[in-house]
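Visitor: Compute the structure for the input listed below.
(chains A and B)
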Amino acid sequence: MDVKGLKSKHKLLKEQTYPPKELFRGYTDRILHINLDDNTVKIKDVPALMKQKFIGGKGYGLRLLWDATKPETKWNDNENEIIISPGPICGITQYAGAGKSIVVSISPTTDVVIDSNVGGYFGPFLKFSGFDALELQGKAKNETIIVIDGVKNTITIEEAPAEEIDSHILAEQLTEMYADSSDPRDMKNVSVISAGKAADHTMIGMLNFSWFDIKRKKCRLKQAGRGGIGTVFRNKKLKAVVVKSAGVTQDPNHVADMEPIRERGARFAKEMKELDPHQCRMKQEGTAHLVNIMNDYNLLPTHNFKFGSHKDADALHSRVWNKKFTQGMNDGCWIGCTMNCAKAVDNFILKSGPYKGQAVIVDGPEYETAAGCGSNMGIFDADTVIELNFYCDTYGIDTISFGTMMAFAMECYENGIITKKETGGLDLSFGNIESSLEIIHQMARGEGFGKIAGLGIRGMKKYFAANYGADMNFMNDIGMENKGLEYSQYVSKESLAQQGGYAMTNKGPQHDEAWLIFMDMVNNHIPTFEKKAEALHYFPMFRTWFGLMGLCKLPWNDVEPENNAQTDEPAKVPEHVDNYVTIYNAVTGSDIDKKELIRQSERVYNFQRTFNIRRGYGLRKHDAQPYRAAGPVTVEEYKSLEEFYDKKMKDDIGVDPAGKSVEEKVAVTRKYRENRYEQLLDAVYQRRGWTSNGIPTLEHMKNLGMDLPEVIEVLKKHQ
Amino acid sequence: MDIISVNDNIISWKEGMTVRNVLTEMKYTFRMLIIKVNGEIVKRENWDTYTVPRGADIKVIHLMSGG
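Guide: Okay, here's the model as predicted:
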């Protein structure tokens, strides 16, 4: 690779040195702000109040974005920012899953704040370089890279016209360019953020965060996938952000007390060694272990969430992924992670596109990708899923949104809403592999139907209605989006709590706030509205906390202590919650308990809701869900489980299905389920301290200590 | 009656039915389970041999994972 040749074409726009600052108890208390409009670089101190109320990670991202933007700021306005913030625990190596960053921006698809968590080495290296967060604002004139050199303590902004845009090449080029040598021990000290060509032409662009895999001697990529942040990145004419670190020491965070962290980390490592092989097999299969399980429980989306299982789903079974993934490698996306679940397929030969015939490494597929780019599109072929996974990653688009919006387009095609005339001759029937691959390449080229599909589901609905006279009511029923974000890959029809877990989210239907399907639908543990509301309070608040800290959620509950069954609340995994409280206190020198952990999250969660309200969203009407998420839209869906739905009608609704047409039964079921969802909203809003319109009350914000003047100013108009 | 309750679902009971048979019948393939028969936890190593009594109230608690 001729990286010297590439670098010789760089034009230096700005070089600035900065004073080094070591971390103290997980914080540097500094923020790096870069404005590409005029290439200014500022280092800002973190005010004490901000640290106290917003903690770090997503909290810092929201605070900074609020201050940087106006209520009417659009995703492609210069003032919109991309903020990357790791959180105080990020960067420790003694406990699993401590290398995450949260990326925050105003989303092109939702027009509200999006937050997306991501592994890879960038977040920890940013902290080691002296910053708790990075704010990127403004737009460059030409293709630009930013280099944060934490060794020399310099920041440079450079025009970089010659490097590739696609991430699998760009990450390799820049890692080699900025590493001290080609020795893997030096290469691993560089991490790159990049997007890809499809992020230039679609609204579903994502960001790749790289980490150098010493054993494979290759760059690996983890994704901040949701909500189109890659599109914002490319709109700023950013090609990459590079960070270089001096390396990882035993205690770069300078924690208050290392011993408890080591002890909990060792305990967790033992669980992984002894229990993971009998539990989720995260080390062998990663999250892809879930595909066949979801199929067995009728939760695996197939054909645009019409169905929850399929006869051919064994083609995507976990044992298939077990064989495809290279076993015995070090697959932790941060150093010291004993969960090691970032699985990869090595030497995969591509069958299509500009890299056809090349052998590449593919990070994943994760469960979401296997379901989204597989079963939900009616594709039951593992190699196609891997190929789509590769191209989504290198082109810089989100596999979840790609899968869900393709499934929507396919159902529209099968219903005659779009035809070959509109698709440019492509047959978009469910399961069409060639067309699916062609669409993704069109997205990268910015042409054809790929460009229309790249608008996302909400954009497609408007386009189809305006240009093809499509029935908006039907598209609203089957288009699996809420707030403009495409659903992630679980069928929620039979779990009312999960319907809330999806559609009541701040950013849109991503399962990282709450995954309650087993608790609700299978265990029948939360049968009343009151219990569902309690779960929809506790779990979203608890899970928000990972995003404040720089932690991965998977080690919380994808392996569980042997005695978890004997605890009072096994669903919460009390021993692991105690690990997190202990580690937080040991890193920061604080003395919180598990109740304060929830309060920390509540403050930020309610601030995010207020942020949405400030922008004209965040009301009850914005928590509405597409009916496909709640029940059978069509006769075909009803008939696929007719006996089941008939029984439900009799037992739950108290209506005898005998003598009714299927259309009538669909209507009766729908009326009942839509009413139940409204009752759920009432119960959850009350539990969360919100009005019936979904507005946090002033009293609740005061109780939380979040009665900041700017927050009250927004909320008081809606009380 | 020759029935048992599994997570409040009523299914047929058969002589000699083990916990493992119940899981198969219910298509409960998830691995992180806590199983209680009439309130008593049945350890994983006994799932193949523990026979379920007629009329038993069985709770198969699926823990959360994924995401």
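Visitor: how much space between A:Lys270 and chain B?
Guide: Distance from A:Lys270 to chain B, counting by Cβ to the nearest Cβ, to the nearest Å: 17 Å. The way it works is simple: take the backbone N, C-alpha and C, and place the C-beta from them, glycine included.
Visitor: so where does that residue fall, helix or strand?
Guide: A:Lys270 belongs to helix A:258-274 when elements are defined using DSSP states H and E.
Visitor: Please identify the buried residues of that helix?
Guide: Neighbour counts over helix A:258-274 (16 or more other Cβ atoms under 10 Å in any protein chain shown) mark A:258, A:260-261, A:264-265, A:268-269, A:271-272 as buried.
Visitor: Take the residues you listed and lay them out in JSON lines including pLDDT and distance to A:Val118.
Guide: Below are the buried residues of helix A:258-274 laid out as JSON lines (pLDDT from 0 to 100; distance: Cβ to Cβ, whole Å):
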{"residue": "A:Met258", "pLDDT": "98", "distance to A:Val118": "26"}
{"residue": "A:Pro260", "pLDDT": "98", "distance to A:Val118": "27"}
{"residue": "A:Ile261", "pLDDT": "98", "distance to A:Val118": "23"}
{"residue": "A:Arg264", "pLDDT": "98", "distance to A:Val118": "24"}
{"residue": "A:Gly265", "pLDDT": "98", "distance to A:Val118": "22"}
{"residue": "A:Phe268", "pLDDT": "97", "distance to A:Val118": "22"}
{"residue": "A:Ala269", "pLDDT": "97", "distance to A:Val118": "23"}
{"residue": "A:Glu271", "pLDDT": "96", "distance to A:Val118": "25"}
{"residue": "A:Met272", "pLDDT": "96", "distance to A:Val118": "22"}
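Visitor: and of those, the nearest to chain B?
Guide: For the buried residues of helix A:258-274, the closest approach to chain B (Cβ to the nearest Cβ) belongs to A:Glu271, at 12.2 Å.
Visitor: what sits against the closest one?
Guide: A:559-562 (Cβ atoms under 8 Å, 6 or more residues apart in numbering or on different chains).
Visitor: now do 7 Å
Guide: Contacts for A:Glu271 were tallied using Cβ atoms under 7 Å, 6 or more residues apart in numbering or on different chains; they are A:559, A:561.
Visitor: Same question for B:Glu25.
Guide: B:Ile11.
Visitor: Can you tell me the element it falls in?
Guide: Using DSSP H and E, B:Glu25 sits within helix B:19-26.
Visitor: buried ones in that helix?
Guide: With burial defined by 16+ other Cβ under 10 Å, the residues of helix B:19-26 counted as buried are B:19, B:22-23, B:26.
Visitor: What's the separation between the closest residue in space to A:Leu708 that isn't next to it in sequence and A:Gly589?
Guide: Closest residue to A:Leu708 apart from its sequence neighbours, by Cβ to Cβ, 6 or more residues apart in numbering or on different chains: A:Lys53 at 7.5 Å. Separation of A:Lys53 from A:Gly589 (Cβ to Cβ, to the nearest Å): 18 Å.
Visitor: Who has more neighbours out of the two?
Guide: Between A:Lys53 and A:Gly589, counted using other Cβ atoms under 10 Å in any protein chain shown, A:Lys53 has the larger neighbour count: 18 against 13.
Visitor: quick one, what contacts the residue in the stretch 251-400 of chain A that chain B sits nearest to?
Guide: At 4.5 Å from chain B, A:Asp296 is the closest residue in the stretch 251-400 of chain A, using Cβ to the nearest Cβ. Listed by Cβ under 7 Å, 6+ apart, the contact partners of A:Asp296 are B:27, B:29.
Visitor: if we go to 8 Å?
Guide: Contacts of A:Asp296 (Cβ under 8 Å, 6+ apart): A:309, B:27-30.
Visitor: Tell me the pLDDT of it.
Guide: What the model reports for A:Asp296 is a pLDDT of 94.
Visitor: Assign a three-state SS to the residue of the stretch 401-550 of chain A at minimum distance from chain B, would you?
Guide: Closest contact between the stretch 401-550 of chain A and chain B, by Cβ to the nearest Cβ, is at A:Phe518 (3.7 Å). Three-state assignment for A:Phe518 (DSSP: H, G, I helix; E, B strand; the rest coil): helix.
Visitor: Is the closest residue to it other than its chain neighbours bridged to anything, and to what?
Guide: Counting by Cβ to Cβ, 6+ apart, A:Phe518 lies nearest to B:His62, which is 3.7 Å off, once chain neighbours are set aside. When bridges are called by DSSP bridges, B:His62 pairs up with B:Leu33.
Visitor: which residues touch stretch A:60-70?
Guide: Stretch A:60-70 is contacted by residues A:31, A:46, A:50, A:53-54, A:77, A:79-81, A:83-85, A:87, A:102-106, A:113, A:115, A:132-133, A:135, A:137, A:604, A:607-608, A:611, A:614, A:710 when judged by Cβ under 8 Å, 6+ apart.
Visitor: The residue nearest to A:Leu708 is in what secondary structure piece?
Guide: A:Lys53 belongs to helix A:48-54 when assigned by DSSP H and E.
Visitor: cool, and B:Ile4?
Guide: Secondary structure from DSSP H and E places B:Ile4 in strand B:3-6.
Visitor: Which strands and helices lie in contact with that strand?
Guide: Other helices and strands packing on strand B:3-6, by 3 or more Cβ pairs under 8 Å, 6 or more residues apart in numbering or on different chains; DSSP states H and E, are strand B:9-12, helix B:19-26, strand B:57-62.
Visitor: Output the shortest one in PDB with nothing but the alpha carbons.
Guide: Output of strand B:9-12 as PDB, limited to C-alpha atoms (Å, rounded to 0.1, in the frame of the first residue of the first chain):
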ATOM      1  CA  ASN B   9     -50.500 -22.700  29.600                       C
ATOM      2  CA  ILE B  10     -52.400 -25.900  30.100                       C
ATOM      3  CA  ILE B  11     -50.900 -29.000  28.300                       C
ATOM      4  CA  SER B  12     -51.400 -32.700  28.600                       C
END
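Visitor: Could you list the paired strands of that strand along with their orientation?
Guide: Using DSSP bridges, strand B:9-12 pairs in its sheet with strand B:3-6 (antiparallel).
Visitor: so how far is the strand it pairs with from its chain's centroid?
Guide: Relative to its chain's centre, strand B:3-6 lies at 9 Å (Cα atoms, centre = their mean, to the nearest Å).
Visitor: rewinding a little: are any of the contacts of stretch A:60-70 buried, and if so which?
Guide: Buried among these (16+ other Cβ under 10 Å): A:31, A:46, A:50, A:53-54, A:80-81, A:83-85, A:87, A:102-106, A:113, A:115, A:132-133, A:135, A:137, A:604, A:607-608, A:611, A:614.
Visitor: which non-adjacent residue is nearest A:Pro657?
Guide: A:Pro657 sits nearest to A:Asp646 (Cβ to Cβ, 6+ apart), 4.3 Å away.
Visitor: At the contact with chain B, which residues of chain A appear?
Guide: Neighbours of chain B within chain A, by Cβ under 8 Å from any Cβ of the partner chain: A:278-281, A:287, A:290, A:292-293, A:296-297, A:367, A:488, A:511-512, A:515-516, A:518-519, A:522-525, A:553, A:557-558, A:560, A:564-566, A:570-571, A:573.
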